[in-house]
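Peer 1: when you get a sec, could you give me coordinates for this:
(5 chains)
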Amino acid sequence: MARVGVFVCWCGSNIAKTVDVVKVAEAAGKLPSVAYSTDYKYMCSEPGQNLIKQAIEEHKLDRIVVASCSPRLHEPTFRRCISEAGLNPFMLEMANIREHCSWVHDDKEVASEKALDLIAMSVAKAVKNEALFSQEIPLTKKALVIGGGVAGIQVALDIADAGYKVTLVEKTPSIGGRMAQYDKTFPTLDCAACILTPKMVDAASHPNIEIMTYAEVEKVSGFVGNFEVTIRKKARSVDMKKCTGCGVCYEKCPKKLPSEFDCGLGQRKAIYVPFPQAVPNVPVIDRENCRYFADGGKCGVCAKICPSQAVDYTLEDEMITDKYGAIVAATGFQPWDPTPYTNLGYGRYPDVITSLQFERLFNASGPTEGKLVRPSDHKPPKNVVFISCIGSRDDEHGYPYCSKVCCMYNAKHALLLKEKVHDAQAYVFYMDIRANGKGYEEFVRRTIEKYGAIYLRGRVSRVFQDGEKLIVRGVDTLAGKPVEIEADMVVLAAAMEAQPDAKDLARMLGISTDEYNWFSEAHPKLKPVEVLTAGIYLAGACQYPKDIPDAVAQASGAAAKVVGLFAKESLQSEPTVAEVNEDTCVDCQLCKEVCPYTAIDTKTLTDRAGNPIRTVSCVNEGLCHGCGTCVAACRSSSIQLRGFKDNQILSEIDALAFAE
Amino acid sequence: MEAKVIAKSDIGAWMKGLADKCDVIAPVKDGDVSAFKKIEDFGTLSIDLPTPTVKGLREQFTPETETLFEYKLTGQQAELTSDTAAQKDRLIFGVRACDAAALKYTDAVNANCEPKDALYFAKRKQTTLVGVCCTTPAWSCFCTEIGDFLANPIMMDLYLTDIGDKYYAEALTPKGETLIGASQFQAATDADKQAAESAKQKVIAALPSPIDHAEKGKDFDWDDPMFTKLAEKCLACGACTFLCPTCHCFDIQECAQGSKGSRYRCWDTCQFEKFTLMGHGHNPRPSKNERTRQRVFHKFKYSPERYGILGCVGCGRCITACPVNIDIQRVVHKLEADK
Amino acid sequence: MENELRQKAKELLESGQVKQVIGYEDGSTAFKSTPCFASSPEDADRLVWNPTCVNNLAVYLPSAVKQGKVAVAVKPCDGRSVVELIKEHQINRDDVVTMVVPCPGVLNPDALADIDPKTIKNIEWKGDGISVTTDSGEISIPREKAFLDKCLSCTLTDPAVTNIKLGDSPERSPLKDKDAAIAEYEKMSVDERRVFWAKEFTKCIRCYACRQACPACYCKECFVDKNGQVWALKSTDPEANWFFHMTRAMHLAGRCIGCGECERSCPMGIPLTLIGRTLEKDVEEMFGSGAGQDPDALPILGSFDLTKDPDPCPE
Amino acid sequence: MSEEQVITKEPETAGAPKEWEPKIIGFLCNWCTYAGADLAGSSRLKYPANMRVVRVPCSGRVDPQFVLKAFERGFDGVLVSGCHPGDCHYAKGNYYARRRHMLLQKFLEHMGIEPERFHFDWISAAEGQKFAEVVEEFTGQVKKAGPFKGVGK
Amino acid sequence: MSTSKSDNPYVPELAVIEKIITETSDTKTFRAVFQNEALRESFTYEPGQFQEVSVFGVGEATFCLTSTPTRKGYIEFAVKKVGTVTSALQDIDEGATVGIRAPLGNWFPYNDFKGKDLLFIGGGIGMAPMRSLLNFCLDNRADYGKIDIIYGARSSGDLSFQYEFDDWSKSPNTNLYLTIDKPEDGWTKNVGFVPAYLMDLKPSPENTIAITCGPPIMIKFVLQNLRELGFTDEQIWTTLEMKMKCGIGKCGRCNIGHKYVCIDGPVFSNAQLAELPPEY
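Peer 2: Purely as a prediction, here's the structure:
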């Protein structure tokens, strides 16, 4: 007979208010196999944990049931606690009498009864618990960073500086990401390029960093310490080794296209580098739009003109498979397309633009070489209206969430407008001003007070063209009256949204996503850079809208996690994995079919002389994640999940079924 | 002992009269099969006599599942209870001669050594058996090969033989004599006696002649190659043994229900691999070879050696039930020929 | 036909292509045949093929192939079991030679209800039905009475794993709808069904003939035989019996080819095929395919279809 | 409700002993529904107390046999819930669960267990509200179906 | 209603586990004391008999009594972890309640052994069933001649009852010969398999009874070697292990031919076994 100890937590009044903890603890003491039962104000506190440790010693307890909050919160705490007292950590069961009981029920009698049932179930399961142990698994000390924006670059640099190899994969032809498109950064008004470009160069020249641009992750298998990743390096059509970056090819290329980098405001060629400071500074041919590829090899100007014979039309996509110990997703965001706001005329009036377009307009390397002019007539604008929350905080057209950075860049743009065009006037329509960051509030105040930006609290109902002017009709809710502004330009602060392929990557990496496809962290407060799949981390705006300092901070956090992981000699496997009873397995391979991780192999049993007898399934403990799908599939119960074996779950059912 | 007659039309009334004193059990149709059931409604009594019951009397004395005792656990303590509340007396009507004869064997088994099986004998003691001579034996019947109990019934209290519109009723025990004391029974004439005798002889004539299987069983060949052949086709189910009126093997199992539970026994069979499989993996009867041999040898060799009684009454149930047509009569004949 | 079967079997055995041929031979009575394991050309002479050949011989394959290559006589329905066994890695395709016999239908034992069994001398196919030779002459029994229900609705063609086709497939159109048998049952209310099965399962004596006769029940250790009280009690409590049969049914979901051996083997007359057919119908409706068709198909409950699978909260 | 009904109903609720409460067991995946239940808790949402939860790693771990066992044991209702399609922490476990349990639900109905007694659903870690609603609705549904008469008689 | 043991042979007596001794990594010895005080006094048994031990909620399993009736007040049995009940027993702690049905089966005809030399040959857990007779004979030392004990195991850690080795070897005219399969650091006794060691020691069959128990493969070679040394089947005794449930000759699984190991055994001489079919 096992000797189970039951520890009922009051959680202050959180549990005790609705559950009669004293009575429940007393009743729990009478459950079969229970040798000791008690209650305490805060089990998770140090005195609480000491109480458990002492009881283990004093009452020779071999299994522990803690009835308190959700195991998702404190299971690790109590596992550590009982293992410090000499028990195997898996001899713990937790009865969730807070989240699942005291917090959701009012009637004390009913809640107490339920609490006792939950404890009885946990006791019954604990009786069947077995000591579980980890196994050592190897660790590849090389990291993969997906996304070459500022976050990805920061992660790569930090890991590389710690002495570990990193592969940085970027989908576009150059690293740099969104930040490379910006002119200045708030609130310091540093030149974005001036602070980013050196980092890009550092990354490119770092001996521990391998950059793969124009490349995408195709397949991910394996598990923490042992990921196997296939990367598709798209055919660049330019030999990276031969190219000197002279730029003759794209000067001479006859095919012109709108530039993605300039948000369609400028042009690029079919062979191009996205921006002058691109890293690597090697052009790529956009095969879809290249005349050579369209006309079956007639054009070929770039190849002819290239002084170093670097242009090679025959290059093909290349698949590279490598092993990584950890993966950091830093895939960023995309700006939301404000077309659904038909009342604001985006797409209809050329001078209604997005903030990112505005950013490109006064960027020195932008389509106007830094001259702020209207797209329609290339005249400098006088009155510019900035409208906040386009697609943010708006269930109807966009997303209910706040994109976090718009208030700040609106202020930045209003300020810069005044600097570029001295007689200009900025109007900012806003819902609330969210300026909670170091120096942010001061920055907004400066824009209003020193630069005369007019802030109007309210929404814009309509924008329409009237001759050369754009008429902006809105409401100033503070003044309580409608306003109408004759504007030369309207700038929409479009929301940040998840990358269109975020969901695909999430599936590949085993990251769960929220309803907007932002990647979900393992814990919103305590594990903000981890995800639920071990060995995979998050950096930057792929998780949720972030500004640069936040993205960079999180990047360093993710890098620290990776470095921490790599600092270990090897890894310990999860003890709660599946195991096969070879005596009864008939090798029907149903377990193999359903395993999401290809963790099940077939092995041949042999007699003492080594002759094959029959084949059975076997589990690769490194690959097994412990989902137990195989267990439910197995007809003869020959595969079992440690910690969640059939007899453990059945004991819970029975404990409840026969509860008195 | 005394013999009387009872009109077939009076059977219902007679049994109804008995029902006051005891439970009356008789074979009735239960879906596709015939089974012994407690008769509740004597008004619509429809006793199924022509078809043999799918199971013999085994379940009447050793139920398929029988609680041995119950326990309750509190903390580290245990408390046992065993309910021996007296059952009502029973009368089983329509017992076949073979099934009654099987009780001689199961009595011997349950008294095999001290302590005797009290659970079994308590039920035996409380049961009165009224047999009916088979007039329509099944195709698989071979009781006459085993013994003469069809003509000279044993282990029952009263034996009825169908003689047209009435039964000839022979009391075999004092209990039987009391039974025919009931008002529905009339004195039997010599003609009735003759009719009964000729009815019995007519059935016996259609059945096989006696063979001294007990004697022949002594020389069975342990290594007879036939067992390999049988094992090949045997599916290792328990249909044969579970329907057998002499098979008595059982398992003892636990029924845990939280802090309470019970120990029970349930029918088990030597045809299952796990029957003799030990915890550490050794199995003295590891394959169907040994297990098919065990069934036949146990009935025709070991039982005569141990109890002096054959472990088969020739009821033929195992033959009809076998999904692959293993016919124990054929098997035994072959063994006897092979020796 | 029988001669052709014997001839083929002899060839296979003589040439050493197979170690044994599993077929049928005469049983201990004229209305029963029994499985035959022929390992020599002489043995092959005992093989028969007649309406009494009801057994699904695929049940023997997993153990038989351990001794070497096996040829097996299969009816089109039984052939589906071979497909399942291959699909579930219990036998290698190369280890079995399937001899598909032409099957007009096999004997429904009820067909003989009015005949004294002891007088039956022979049973053979004749015309649409069967002819029973008895001591007192020949009795013809028409198709609708002669054959098992599954035969009357049979539309099966040669199984996907046919090696040798014996004779010509008989011309036949189904007499009944495949689901005629369950149509009546389906009329019951949900609670009537609960009561119905509670009563049926009470009969069960746990002899496991259903399981042992089933070619899909090849586990080394059945869940019900686990030591200790893991899943089901060995007791014949009605609840324990229910759990056994319900679980066995779920284990067969998507795998039951409907040979009916379970019901035929059940000494207690529990209508087990009703369960199998109801469940298979659901499987076909929900997942679009059934058992025993394609040896390379993925197991029904070992696969999924992202778009077509029914969803608890469809969008 | 008509006046008459109100009148006839009153004494019933007042004088009757404790109302029958269904016994429900729920098998919840650790990552989504269990977390959803936790969220319902931390959001202090109220729902009926009839269900007791068995935590499993994944809905894929929920063997239909657990559901059968629960009905064998006489539970009035069984709930199985896991992550929404595409959200399974183990990528695919819920898809297998979906096949198994959607089939089981039909099968149970065929074999005499009202579909109201078995519920299979997706509830994510973010759906605390949905969890509370599903439990409330399911409890009501089972209550309406009445005490389960069992599988043995 | 509570019944006494007499009318229901399947109801065990309750006993409390008083002491647990860890013998090897997978074997423990349990000392049980009947709860019923009168029974504690009156209970008696013979060396070689066995019992059925219940763990309530798990089931019942068969164990031989390893204690000797000469030492009263308690009974002992050794449990090796192989199945569900044995695993459950391994998990219980001192103070737990178990059920016991005992004594069952026959016993060693120790009266017939009187005045003779005894040779015990045990392997691994096989020493357990012989320990009862061994300690019984040592407690009645004057009744028997020389006692030789050959005991072997895979490793020194697999030898059970090590705490009694001193008592055994210090008993007058008694020799304990230990052997393990493979050499070990610090092991000064014999290395080698039991049958081979037996041949090295060459005990005389003269007026000697050999009692052996151990794994089947060991028994096979021990018997071969004993015969080579001149022992007759009548001089060799063993105790058999079979799957049992009822322990009282009813449940039908432990038969060897027409004999039931639970009532006609578990103790057999080789001469008796020779009469039975080879099915054990």
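
Peer 1: excluding chain neighbours, what is closest to the residue of the stretch 51-200 of chain A found nearest chain E?
Peer 2: Nearest residue of the stretch 51-200 of chain A to chain E, counting by C-beta to the nearest C-beta: residue A:60, 6.6 Å away. All C-beta spots, glycine's among them, are computed from the backbone N, C-alpha and C. Residue nearest to residue A:60 in three dimensions, not counting chain neighbours: residue A:3, with 5.8 Å by C-beta to C-beta, 6 or more residues apart in numbering or on different chains.

Peer 1: how many residues are close by residue 129?
Peer 2: Unless you meant another one, I'm taking chain A. Counted with other C-beta atoms under 10 Å in any protein chain shown, the neighbours of residue A:129 add up to 22.

Peer 1: wrong one, I was asking about chain E
Peer 2: Per other C-beta under 10 Å, the neighbour tally for residue E:129 reads 30.

Peer 1: now it: how far from residue A:231?
Peer 2: 67 Å (C-beta to C-beta, to the nearest Å).

Peer 1: tell me the contacts of residue A:210?
Peer 2: By C-beta atoms under 8 Å, 6 or more residues apart in numbering or on different chains, the residues touching residue A:210 are A:165, A:166, A:167, A:168.

Peer 1: residue B:29 is in what secondary structure piece?
Peer 2: strand B:23-30 (DSSP states H and E).

Peer 1: same for that strand, what does it pack against?
Peer 2: Under the contact definition 3 or more C-beta pairs under 8 Å, 6 or more residues apart in numbering or on different chains; DSSP states H and E, strand B:23-30 sits against helix B:11-18, strand B:33-38, strand B:90-95.

Peer 1: just checking: what are the partner strands of it?
Peer 2: In the sheet, strand B:23-30 lines up against strand B:33-38 (antiparallel), strand B:90-95 (parallel) (DSSP bridges).

Peer 1: if you compare those strands, which one is most tucked away?
Peer 2: strand B:90-95 (a mean of 23; mean count of other C-beta atoms under 10 Å in any protein chain shown).

Peer 1: got the CA positions of that one in CSV?
Peer 2: What follows is strand B:90-95, C-alpha atoms only, in CSV (Å, rounded to 0.1, in the frame of the first residue of the first chain):
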residue,chain,number,x,y,z
ARG,B,90,-34.7,-24.3,-5.8
LEU,B,91,-36.2,-26.8,-8.0
ILE,B,92,-34.8,-27.3,-11.4
PHE,B,93,-37.2,-28.8,-13.9
GLY,B,94,-36.2,-30.3,-17.2
VAL,B,95,-32.8,-31.5,-16.4
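
Peer 1: can you count the residues close to the residue lying closest to residue B:244 once chain neighbours are set aside?
Peer 2: Excluding its sequence neighbours, the residue lying closest to residue B:244 (C-beta to C-beta, 6+ apart) is residue B:318, at 5.7 Å. A total of 23 residues lie near residue B:318 under the criterion other C-beta under 10 Å.

Peer 1: can you name the next helix or strand after the strand or helix carrying residue B:318?
Peer 2: Take DSSP H and E as the rule and residue B:318 turns out to sit in helix B:317-321. On the C-terminal side of helix B:317-321, the closest following helix or strand by DSSP H and E is helix B:328-338.

Peer 1: and that following helix, what's buried?
Peer 2: By neighbour count with 16 or more other C-beta atoms under 10 Å in any protein chain shown, helix B:328-338 contains the buried residues B:328, B:329, B:331, B:332, B:333, B:335, B:336.

Peer 1: the residue nearest to residue B:244 contacts residue B:325, doesn't it?
Peer 2: No - judged on C-beta atoms under 8 Å, residue B:318 makes no contact with residue B:325 at a distance of 10.9 Å.

Peer 1: what's the distance between the residue nearest the centre of chain D and chain A?
Peer 2: Closest to where the C-alpha atoms of chain D average out (C-alpha atoms, centre = their mean) is residue D:79, at 3.1 Å. From residue D:79 across to chain A, the span is 13 Å (C-beta to the nearest C-beta, to the nearest Å).

Peer 1: list the contacts for that residue?
Peer 2: Residues near residue D:79 by C-beta under 8 Å, 6+ apart: D:24-28, D:51, D:118-121, D:134-135, D:138.

Peer 1: by neighbour count, which of the residues you listed wins?
Peer 2: Ranked by the number of neighbours (other C-beta under 10 Å), the contacts of residue D:79 place residue D:27 first, at 28 neighbours.

Peer 1: any low-confidence regions in chain C?
Peer 2: Counting by pLDDT under 70, chain C shows low-confidence ranges at C:229, C:314-315.

Peer 1: does residue D:67 count as helix, strand or coil?
Peer 2: helix (DSSP: H, G, I helix; E, B strand; the rest coil).

Peer 1: how many neighbours does it have?
Peer 2: 28.

Peer 1: could you do residue A:190 as well?
Peer 2: Using other C-beta under 10 Å, the number of residues around residue A:190 comes to 14.

Peer 1: was I right to think it contacts residue A:183?
Peer 2: No - the criterion here is C-beta under 8 Å, and residue A:190 misses it with residue A:183 at 10.2 Å.

Peer 1: helices along the stretch 201-350 of chain A, start to end?
Peer 2: A:248-252, A:291-294, A:301-305 (DSSP state H, counting those that start in this stretch).

Peer 1: could I get these in JSON lines, plus columns for distance to residue A:572, mean pLDDT and mean neighbour count?
Peer 2: JSON lines is the format used below for these (distance: least, C-beta to C-beta, whole Å; pLDDT from 0 to 100; neighbours: other C-beta atoms under 10 Å in any protein chain shown):
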{"stretch": "helix A:248-252", "distance to residue A:572": "52", "mean pLDDT": "93", "mean neighbour count": "16"}
{"stretch": "helix A:291-294", "distance to residue A:572": "52", "mean pLDDT": "90", "mean neighbour count": "17"}
{"stretch": "helix A:301-305", "distance to residue A:572": "54", "mean pLDDT": "92", "mean neighbour count": "18"}
